Each structure stands twice: as C-alpha cells, then as structure tokens.
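A.B. asks: task: produce atomic coordinates for the following.
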Amino acid sequence: MQVVHFDLTSEHIDLHSLLKAAGIVDSGGAGKELVASGVVSVDDLPELRKSAKIRAGQRVKLPGVTIYVQGGAKEQA
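C.D. replies: Now for the predicted structure:
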C-alpha cells in the first residue's frame, strides 16, 4: 500500500484537488470521477462529495493508497 504524507498550506483543500496535488490522479476532473465512483473514504467513512473540505489531521483512503494530511494555515502575528 502506498502511503502519502501531504503538507497542507492552507486551512483546507477540496477532496478532488487533494487527489491531484498528492499525485494520485493527473487532473481535478479525474479526481472528481474517482470520488464519484465511491472508492474514496475520509476518516474511514465513505465520501461522495467531490468538494469535501479536507483539513489537517484527516486521513483519506482509496484502494492501495492512504493519504495523511498534515500542516495547515499558520496564524500570523
């Protein structure tokens, strides 16, 4: 199983965009299709919302891949 640690640079990222940014798919459209197919889960719950907001600390799973999302927007002083 492939494990990806994704460093978030903002408060959240849309699920389909995460799949592209993590190198799982080649385009956002392909990410949307993958989510719509029903094989993606977030924190062990099936996720069908292509634009679900993924935040630091969440885990995204699909067949053969687990993505651990870490980081997030830092507060500015």
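
A.B. asks: flag every buried residue along the helix ranked longest in the chain.
C.D. replies: As assigned by DSSP state H, the longest helix anywhere in the chain is helix 28-36. Of the residues in helix 28-36, 28, 31-32, 34-35 count as buried by neighbour count, 16 or more other CB atoms under 10 Å. C-beta: built from backbone N, CA, C; applies to glycine.

A.B. asks: mind checking how far it is from the chain centre?
C.D. replies: Remark: helix 28-36 is offset 11 Å from the chain centroid, using CA atoms, centre = their mean, to the nearest Å.

A.B. asks: dump stretch 45-56 to CSV, restricted to CA.
C.D. replies: This file holds the C-alpha atoms of stretch 45-56, laid out as CSV (Å, rounded to 0.1, in the frame of the first residue of the first chain):
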residue,chain,number,x,y,z
LEU,A,45,-16.3,6.9,6.2
PRO,A,46,-17.3,6.7,2.5
GLU,A,47,-17.1,10.2,0.9
LEU,A,48,-19.0,11.1,-2.3
ARG,A,49,-18.7,14.9,-2.1
LYS,A,50,-16.1,15.9,-4.6
SER,A,51,-15.5,19.2,-2.9
ALA,A,52,-15.5,17.9,0.7
LYS,A,53,-13.2,20.2,2.7
ILE,A,54,-10.2,18.1,3.9
ARG,A,55,-8.3,19.6,6.9
ALA,A,56,-5.0,18.8,8.7
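
A.B. asks: what residues does it touch?
C.D. replies: 8, 11-16, 18, 31-32, 35-36, 38, 40-42, 60, 69-72 (CB atoms under 8 Å, 6 or more residues apart in numbering).

A.B. asks: in strands only, show me those.
C.D. replies: Per DSSP state E, strands hold the following members of the contacts of stretch 45-56: 8, 13-14, 41-42, 60, 69-71.
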